[in-house]
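> sharing a model that was predicted from the sequence below.
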Amino acid sequence: MPHLTSTTAGTTGTGVRTGLGIPGFAHPLVAPAQWADLARPGTPLDWVVLNVAAGPGSRPDPHCLEAAGRLRNAGVRVLGHLDLAHGVRPFGDLLSDAHRHLEWYRVDGFLFDRCPTGRGALPEVRRAITTLRAISDTAHIVLGHGSHPHPGYAENADQLVTFSGAWPDYRFSQAAEWTADYPPDRFCHFVHGVPRGHLEEALRIARWQGAGTVYLTDRTAHGGRVDPWETMPGYWDEIVSRIGTGVSE
């Protein structure tokens, strides 16, 4: 398989280097210890999403300022949360949120949450990316599709979230054939409801499907009533150890 070429740290026998992408914990005032844990030296983080209030909020938040600053000082990339609302969000509102993220929290890029997947929406998403990179030419752009989009999106962003969902669905998922034309660092997988006993299996699936950035948690969505990403998994230390050292059992 074309993905299986790297021999860097954080790999298993598949040869794909893996890092953690954090979709966004609860507000730092609610979960201060968890945000502090993210800045611990040696944590294999690719990036952390800052979602103040479904975006940057209406004014600078001192708790979020502190959390973002601590991560930046630790060398961790911080992304601002931008909601595309499946392609119906007005461009001006999106741009306004991006400016506030940059001005207040000095973010290093953006996660485009609820990003559309169809070919028809591609020009508008490309326009947003081009505009943001004109404002911040080093911005790291992650498109949060949650499933495999039209392959044209891969030509415009740094990374695509091609799976976001529950463990039972992930176990039987397959990568789209066109993803084999890109390296693993272009793809992210977010999986909730992963039991501790299946942690290594989930990591193996991500690596075989060519996803270089993952977030795995034992938290569940409870039928969509709960955000499974807002708190650390119960096996946080274990997943950090496995990914950080490339452990494979």
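Great, that's in hand.
> which other residues reach the lowest-mean-pLDDT helix or strand in the chain?
Within the chain, no helix or strand scores below helix 236-245, which has a mean of 89 by mean pLDDT, DSSP states H and E. With contact meaning Cβ atoms under 8 Å, 6 or more residues apart in numbering, helix 236-245 is reached by 9-10, 18-20, 37, 42-44, 196, 199-200, 203, 214, 216, 233, 247. Every C-beta, even on glycine, is put in place using the N, C-alpha and C of the backbone.
> now the helices for this protein?
Using DSSP state H, the helices of the chain run over residues 32-38, 62-73, 91-105, 122-135, 167-171, 199-208, 236-245.
> and among those helices, the most buried is which?
Counting by mean count of other Cβ atoms under 10 Å, helix 199-208 has the highest mean neighbour count of those, with a mean of 20.
> who's in contact with the longest strand seen in the chain?
The strand of greatest length in the chain, counted in residues with DSSP state E as the criterion, is given as strand 159-166. With Cβ under 8 Å, 6+ apart as the contact definition, strand 159-166 has outside contacts at 21, 115, 140-149, 153-154, 170, 173, 175-176, 179, 185-193, 209, 211, 213, 220-221.
> quick check, distance from that strand to the centre of its chain.
The chain centroid and the centroid of strand 159-166 are separated by 8 Å under Cα atoms, centre = their mean, to the nearest Å.
> then stretch 22-33?
Centroid separation between stretch 22-33 and its chain, computed with Cα atoms, centre = their mean, is 15 Å.
> got the contact list for that stretch?
So stretch 22-33 is contacted by 34-35, 38, 45, 47-52, 61, 63-64, 66-67, 81, 111, 144, 190, 215, 229-232 (Cβ under 8 Å, 6+ apart).
> which of these count as buried?
Burial by neighbour count, 16 or more other Cβ atoms under 10 Å: within the contacts of stretch 22-33 this picks out 34-35, 38, 45, 47-52, 61, 64, 67, 81, 111, 144, 190, 215, 229-232.
> sorry, back to before: of the contacts of helix 236-245, grab the buried ones for ChimeraX.
Selecting just the buried residues from the contacts of helix 236-245 in ChimeraX takes one command, with 16+ other Cβ under 10 Å as the test:
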select :10,18,19,20,43,44,199,200,203,214,216,233
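> just the ones of the contacts of helix 236-245 in strands?
Assignment to strands by DSSP E places the following of the contacts of helix 236-245 there: 19-20, 214, 216.
> ok, of those residues, which one's closest to Val125?
When these are compared for distance to Val125 (Cβ to Cβ), Val214 wins out at 23.2 Å.
> report the contact partners of the closest one.
Residues in contact with Val214, defined by Cβ under 8 Å, 6+ apart, are 18-21, 188-191, 202-203, 206, 243.
> turn the residues you listed into CSV, including distance to Ile135.
Formatted as CSV, the contacts of Val214 follow (distance: Cβ to Cβ, whole Å):
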residue, distance to Ile135
Thr18, 31
Gly19, 26
Leu20, 27
Gly21, 23
Cys188, 23
His189, 29
Phe190, 27
Val191, 33
Ala202, 36
Leu203, 36
Ala206, 32
Ile243, 32
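> nearest residue to Leu102 other than its sequence neighbours?
Nearest non-adjacent residue to Leu102, counting by Cβ to Cβ, 6 or more residues apart in numbering: Ser136, 6.1 Å away.
> per-residue pLDDT, the one you found?
According to the per-residue confidence, Ser136 scores 95 in pLDDT.
> now do the phi/psi pair for it.
With angles defined as degrees, to the nearest 10, Ser136 sits at phi -140, psi 100.
> my guess is Ala67 meets Leu50, correct?
Yes - with contact defined as Cβ atoms under 8 Å, Ala67 reaches Leu50; the gap is 7.3 Å.
> so who does Asp97 touch?
Residues in contact with Asp97, defined by Cβ under 8 Å, 6+ apart, are 55-56, 80, 82-83.
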